[in-house]
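Student: Model the structure of this input:
(one chain, ligands or ions: 1)
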Amino acid sequence: MLQIRKLVSYKYCVMTSFRTYAANPISEKQIDDLRQFFLGFPGGSVDLKKDEKSKIAYIFLNNPERRNALSGKMMADLHDSVCELERWTSGKGVILHSSGPIFCSGGDLTTVKQISNPQDGDKMCEFMQHITQRLLNLPLVSVALISGRALGGGAELTTSCDFRAMTQNAEISFVQAKMGVATGWGGGTRLVKIVGRRNALKALLSCEKIDAKRAAEIGLVDYVIEENEDPLNGVSSWLERLLSHDETVVRSIKNVVTVAEYLPPLESLQVERSEFAPLWGGKANKAALQQNIKHK
Ligand SMILES: CC[C@H](C(=O)O)C(=O)SCCNC(=O)CCNC(=O)[C@H](O)C(C)(C)COP(=O)(O)OP(=O)(O)OC[C@H]1O[C@@H](n2cnc3c(N)ncnc32)[C@H](O)[C@@H]1OP(=O)(O)O
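Tutor: Predicted coordinates:
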């Protein structure tokens, strides 16, 4: 029993330090200083709703007058939502979504123009890389629901989730090169991991409008919403089917996949062991054994 307790505490230590480490090495004070700085750029909100029944949370980009562009305040809201989801121990999934013809128009140009110097740009980069990596590293399975167009930073936000769902009219455009910059919210690093070096380079240099067909060709989309389907209901049902296991199992599988991407093999295997042991003989495993499941 002592061994199991040691494994569980090992897992807790690794995953807790992992949250901020794997995002980027930044102290809690540095994060709070950045959060306070960006709260000074108002506009819109990022609203979080947790469905305790389905165990799926919803992060809603709420700035319709500005085509859901992200103001500094919304960056701080997104940080706060991710922190609250890190504490949501019964959750299984999270959907990032918005409303209207544009999923997210990227950085709010009012904020962007007020911070258009290398020092403040670096602050935005550090803060948004940190937030989007912690969103991706949540022990929840995440989906970006792209209903409409995702541009610039909005395109980068789509890469901060495990999966992407697109409506028939959706498009993802990395327009940063046209803005005279490169990706700044972690989207370049994640795009290479998702679609590979060549397709990432092509998307970033051409600023192409990646529609659902092209996204499917390069592996950038995981679920295309049917014409006659309500997008949010459709992606919620898709995610609930994928996560139709006990939350302890879903969260463990997500943690194993996350650490395998960042940690050296031996450390990753140790985390996998620390996730496995408490499940073996646990409530979900015992229930499955009693049902004598047949995998037809
Ligand atoms: C790392 C940050 C990253 C970078 O630096 O590269 C960025 O993300 S910078 C921003 C990149 N995004 C853009 O350049 C998109 C600019 N907007 C557009 O191309 C269009 O607005 C579009 C295609 C998103 C929507 O076009 P539509 O015709 O549907 O609407 P309008 O253009 O009339 O816009 C309505 C209303 O929204 C305001 N708006 C749109 N995008 C932004 C934005 N990114 N920031 C602030 N405000 C935005 C637009 O000004 C209109 O407001 P109004 O007061 O009615 O003029």
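
Student: Low-confidence stretches in the protein?
Tutor: 1-4, 7-24 (pLDDT under 70).

Student: closest point of it to the ligand, which residue?
Tutor: Closest to the ligand within the chain is residue 106: 2.2 Å, counting by C-beta to the nearest ligand atom. C-betas here are computed from N, CA, C, even on glycine.

Student: Leaving aside the residues adjacent along the chain, what's closest to that residue?
Tutor: Closest residue in space to residue 106, ignoring its immediate chain neighbours: residue 152 at 3.0 Å, by C-beta to C-beta, 6 or more residues apart in numbering.

Student: need the residues of the protein near the ligand, please.
Tutor: Neighbours of the ligand within the chain, by C-beta under 6 Å from any ligand atom: 66-67, 69, 101-102, 105-110, 112, 149, 151-153, 175-176, 179, 181, 184-185.

Student: ok but residue 36 is inside a helix, no?
Tutor: Yes: membership of residue 36 in a helix is supported by DSSP: H, G, I helix; E, B strand; the rest coil.

Student: what's the spacing between stretch 65-83 and its chain's center?
Tutor: Centre-to-centre, stretch 65-83 and its host chain are 14 Å apart (C-alpha atoms, centre = their mean, to the nearest Å).

Student: follow-up on the earlier one: go ahead and confirm the residue nearest to residue 106 touches residue 182.
Tutor: No: the pair residue 152 / residue 182 is not scored as a contact, 11.1 Å apart, by C-beta atoms under 8 Å.

Student: Give the burial count for the nearest residue to residue 195 once chain neighbours are set aside, as a bare number.
Tutor: In space, and not counting its chain neighbours, residue 195 is closest to residue 218: 4.5 Å by C-beta to C-beta, 6+ apart. The tally of other residues near residue 218 (other C-beta atoms under 10 Å) stands at 17.

Student: same deal with residue 96?
Tutor: So residue 96, with other C-beta under 10 Å, has 25 neighbours.

Student: who's it bridged to?
Tutor: In this structure, residue 96 bridges to residue 59, residue 144 when assessed by DSSP bridges.

Student: Please verify my assumption that it contacts residue 140.
Tutor: No: the pair residue 96 and residue 140 fails to qualify as a contact (C-beta under 8 Å) at a distance of 11.1 Å.

Student: Quick check: closest non-adjacent residue to residue 202.
Tutor: Nearest residue to residue 202 in three dimensions, chain neighbours excluded: residue 208, at 7.2 Å (C-beta to C-beta, 6+ apart).

Student: Tell me if the one you found really is in a helix.
Tutor: No: counting by three-state DSSP, residue 208 falls outside a helix, being coil.

Student: Next up, phi/psi of it, please.
Tutor: Backbone torsions of residue 208, given as degrees, to the nearest 10, read phi -60, psi 150.
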